[in-house]
Each structure stands twice: as structure tokens, then as C-alpha cells.
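1. A structural model of the following input is requested.
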Amino acid sequence: MPTATYAGRTVEINEEGFFEHPDEWNKDMVPEIARDAGVGELTDQHWRVINFMRSEYEHKGAGPTVRMLGKTSGVSIKELYQLFPKGPAKLAARIAGIPKPRGCI
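-> Next up, the predicted model:
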């Protein structure tokens with residue numbers, strides 16, 4: 001199983017970079033995960049989406065799709081693609097330390 005080290009802590013990840021154990025994630029890791037994923041400086045809007053993804057995962061056991069993310073996070077789909085250009089739901093889920101949402105390729 002591959003591993004990655006974020007904020008001084010080594011975690012197991014899958015071949016796409018998603019955490020195998022989402023409970024090992026913490027906010028201190030986010031800037032490094034984002035940098036590895038190709039996302040630049042994090043803004044309040046990035047954090048809004050990341051926190052929303054974590055909350056949805058904790059309450060529902062899965063992250064939202066990009067369509068649901070655009071409808072319920074308070075960030076438009078257009079803006080989501082500006083914040084997370086390589087697939088907002090997939091990239092935001094990876095940075096938030098949760099599994100890849102259903103429907104993401």
C-alpha cells in the first residue's frame with residue numbers, strides 16, 4: 001500500500017492519492033495535500049468546500065457529487081471548477097481526506 005507524509009504524519013493512500021483511513025486526516029495536512037494535487041494558495045472558498053466535503057462525509061458516509069456540491073455548498077459549479085480545476089468533487093474529496101465520490105472517474 002502506498003503512503004504519503006503530510007504535516008509530519010505518514011498515512012496510507014490508494015493509487016489515486018485518496019486516504020485509506022479518512023480518520024487520519026487533519027486540517028494541518030491540507031496545504032500539503034493541496035500542493036501535491038496541483039491546487040495553489042488556499043482561499044476561504046477552498047476551505048468552505050473542503051469543510052463541506054468533510055461534513056457531508058461524516059454525516060452521510062460519502063462525499064457529494066459535483067452537481068450536489070454546486071447546489072448545496074454555497075459555491076457555484078463555475079466557481080468550483082475555478083477552485084479545483086481538475087474535477088472539483090474528486091479533487092476536493094482528495095484534499096479533504098475522504099474517499100472519491102461516486103460517479104467520479
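
2. Just the helices from this structure, written as ranges.
-> 30-36, 44-60, 66-72, 77-83, 88-96 (DSSP state H).

3. Run the chain-centre distance for the longest one.
-> If I follow you right, that is helix 44-60. 8 Å (CA atoms, centre = their mean, to the nearest Å).

4. For it, enumerate the helices and strands it packs against.
-> Applying 3 or more CB pairs under 8 Å, 6 or more residues apart in numbering; DSSP states H and E, we find helix 44-60 packed against helix 66-72, helix 77-83, helix 88-96. In short, each C-beta sits where N, CA and C put it, glycine included.

5. closest to H46 out of those helices?
-> helix 77-83 (5.5 Å; CB to CB).

6. So for that closest one, what gets flagged as buried?
-> Residues of helix 77-83 classed as buried by neighbour count (16 or more other CB atoms under 10 Å): 80, 83.

7. what's the weakest-modelled helix or strand in this protein?
-> Lowest mean confidence among the helices and strands of the chain (mean pLDDT, DSSP states H and E): helix 66-72, at a mean of 92.

8. So which bits of that one are buried?
-> 66, 69-70.

9. What sits closest to I98 if chain neighbours are left out?
-> Y57 (4.2 Å; CB to CB, 6 or more residues apart in numbering).

10. Can you report how many residues neighbour the one you found?
-> Y57 has 20 neighbours, counted by other CB atoms under 10 Å.

11. A89 too?
-> Other residues close to A89 by other CB under 10 Å number 24.

12. wait, doesn't it sit right on G63?
-> Yes. At 6.6 Å, A89 and G63 qualify as touching, with contact defined as CB atoms under 8 Å.

13. Residues in contact with both of those two, list them for me.
-> P101 (CB atoms under 8 Å, 6 or more residues apart in numbering).

14. returning to what we had before: kindly reformat the helices of the chain as JSON lines and extend each row with distance to M1.
-> Shown next, in JSON lines, are the helices of the chain (distance: least, CB to CB, whole Å):
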{"stretch": "helix 30-36", "distance to M1": "17"}
{"stretch": "helix 44-60", "distance to M1": "21"}
{"stretch": "helix 66-72", "distance to M1": "28"}
{"stretch": "helix 77-83", "distance to M1": "30"}
{"stretch": "helix 88-96", "distance to M1": "16"}
